[in-house]
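In: how would this look folded up:
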Amino acid sequence: MALFYDLRKDQHIQDSVTISDGRGMSACILTFGATLQRLNVPDADGEIRDVVLGYDTTAAYDMQNGYLGAVVGRVANRIKDACYFMNGRRYNLEANKEYGMLHGGPVGFSYKEWNVIRRDSRSVQLRLLSPDGDQGFPGNLKVDVLYTMEERGELTIRYHAETDFDTPVNLTNHSYFNLDGQGGSTVDDHQLMLAARRYTPSDDDLVPTGAVDPVGGTPLDFASFKRLGDVLHLPELSKTKGLDHNFVLSAACEGGAEPAAVLKGAHSGIRMEVLTDRPAMQVYSSGGLSERAGKDGTMYGPFYGICLETQGYPDALHHMNFPSVMLRAGESFDSFTTFRFKTGEE
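Out: Down below sits the predicted model:
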């Protein structure tokens, strides 16, 4: 089909690509899962710290269930009952949870080999063709992910997708951040601020109920900086094992005009701002992350990282009041998320 790039031309596939801003910040991206494996950032003293959790081998990524650093899709987050209805027809998807589908199904984008389309010292573009019927989704879908360091201290991820048949698309990156350095400690002493005044309450399976409620008066109010450890272990958040909530981003964040989130490390002096054009963000404090071996001989466990997953609303296919995640044939899905790193209060 002329719409799609001929993947047979991509014989130069590489296992990983490293890009840099030329000022000390660098990132390593794997072709497996289009995964952000390493993100090296200078701290306040000029020491380089890898601030994302990950593994040393592709095999470890293939066996994991935590989606560390991966691009997830076609549809990130949850789809209740692993099905949806469109134009009077029911589409049955591949379930990978008792309640339905999570992060694109048993073999979603995070478990697929992507192709390097182009690269230079500051950027790498990867491509995936998801065929009609992949995990039950209709339509041939072409997806490009572009990792770029356009400015000093910034990593931007741009997503582009096209389809030949109406299909849901909701892409995100599932990196676990620890600004004091991966594997060194929990994120309890990190501080977080969110530009979100509302969230989507969920049921016992963490599937949204369809309501959109204010965060005011709840532990989910991050209008000003809060120490994460003061929130994550509250009895009210025992069901979600800390934070695992979808926050509705404020209008001021639209188009990346203002940061959707700001995260501060406890000891590194590193501050990370997240800018995006997506309407929501899943904040997951890794309470369900089991003890496991990570990169460079480090060990991970619950609360060793925090995910700030920019996205459309979870289970939007079942709630007409949520923004649509349907991509129509002949149209394109385009979005971006920028992670901007600073030291101190600069």
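
In: what are the ranges of the strands in the stretch 51-200 of the chain?
Out: With strands called from DSSP state E, counting those that start in this stretch, the stretch 51-200 of the chain shows them at 71-72, 78-80, 83-86, 89-92, 100-102, 115-119, 123-130, 141-148, 154-163, 167-168, 172-173, 191-194, 196-199.

In: Of the ones you listed, which is nearest residue 242?
Out: strand 191-194 (11.6 Å; CB to CB). C-betas here are computed from N, CA, C, even on glycine.

In: list the helices and strands the closest one packs on?
Out: Helices and strands touching strand 191-194, by 3 or more CB pairs under 8 Å, 6 or more residues apart in numbering; DSSP states H and E, are strand 226-227, strand 261-264, strand 280-284.

In: and the longest strand seen in the chain, which strands flank it?
Out: Counting residues, the longest strand found in the chain (DSSP state E) is strand 332-343. Using DSSP bridges, strand 332-343 pairs in its sheet with strand 154-163 (antiparallel), strand 270-276 (antiparallel).

In: Now mean pLDDT too, for these, in a markdown table please.
Out: As requested, the strands paired with strand 332-343 are exported to a markdown table (pLDDT from 0 to 100):
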| stretch | mean pLDDT |
| --- | --- |
| strand 154-163 | 98 |
| strand 270-276 | 98 |
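
In: Residue 125: what's it in contact with?
Out: Residue 125 sits next to 116, 117, 118, 119, 144, 145, 146, 147 when contact means CB atoms under 8 Å, 6 or more residues apart in numbering.

In: just residue 16 next, same as before
Out: With contact set as CB under 8 Å, 6+ apart, residue 16 has these partners: 28, 29, 30, 31, 37.

In: about what we covered before: which one of the strands paired with strand 332-343 lies nearest to residue 252?
Out: Closest approach to residue 252 among those is made by strand 270-276 (11.2 Å; CB to CB).

In: what about residue 89, distance to residue 52?
Out: With distances taken as CB to CB, to the nearest Å, residue 89 is found 40 Å from residue 52.

In: Who has more neighbours out of those two?
Out: residue 52 (26 against 8; other CB atoms under 10 Å).

In: any idea how far residue 176 is from that one?
Out: Separation of residue 52 from residue 176 (CB to CB): 6 Å.

In: what do you get for residue 154?
Out: Taken as CB to CB, the span from residue 154 to residue 176 is 19 Å.

In: Those two: who's more crowded?
Out: Shown here are residue 154 and residue 176; by other CB under 10 Å, residue 176 has more neighbours (26 against 17).

In: can you tell which of the strands paired with strand 332-343 is closest to residue 181?
Out: The nearest among those, by CB to CB, is strand 270-276 at 9.2 Å.

In: Other residues contacting that closest one?
Out: With CB under 8 Å, 6+ apart as the contact definition, strand 270-276 has outside contacts at 41, 43-44, 49, 51, 177, 179-180, 249, 253, 256, 258-265, 281, 308, 310, 335-345.

In: Any stretches of the chain with poor pLDDT?
Out: Judged by pLDDT under 70, the chain has its weakly predicted residues at 1-14, 344-346.

In: Quick one: the helices in the protein, in order.
Out: Using DSSP state H, the helices of the chain run over 58-63, 229-232.

In: Next, find the distance separating residue 218 from residue 198.
Out: In terms of CB to CB, residue 218 sits 11 Å off from residue 198.

In: neighbour-wise, which of those two wins?
Out: residue 198 (17 against 13).

In: Could you list which residues are in contact with the more buried one?
Out: Contact analysis of residue 198 by CB under 8 Å, 6+ apart lists 212, 213, 214, 215, 247, 248.

In: can you do 10 Å?
Out: With contact set as CB atoms under 10 Å, 6 or more residues apart in numbering, residue 198 has these partners: 211-216, 220, 246-250, 280.

In: In PyMOL, how would I select the buried members of those?
Out: Of the contacts of residue 198, the buried ones can be selected in PyMOL as follows, counting by 16 or more other CB atoms under 10 Å:
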select buried, resi 212+215+220+246+247+248+249+280
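
In: for the contacts of residue 198, which one is nearest residue 77?
Out: Residue 77 lies nearest to residue 246 out of the contacts of residue 198, by CB to CB, at 7.3 Å.

In: Count the neighbours of the closest residue to the closest one other than its chain neighbours for me.
Out: Once flanking residues are discounted, residue 246 sits nearest to residue 200: 4.7 Å by CB to CB, 6 or more residues apart in numbering. Residues near residue 200, counting by other CB under 10 Å, number 23.

In: change the start of the numbering to 652 and stick with it
Out: Yep, numbering from 652; the last one is residue 851 now.

In: distance of residue 851 from residue 929?
Out: 14 Å.

In: What is the burial count for residue 787?
Out: 17.

In: Which one of the strands paired with strand 983-994 lies nearest to residue 790?
Out: That would be strand 805-814 among the strands paired with strand 983-994, by CB to CB, at 4.5 Å.
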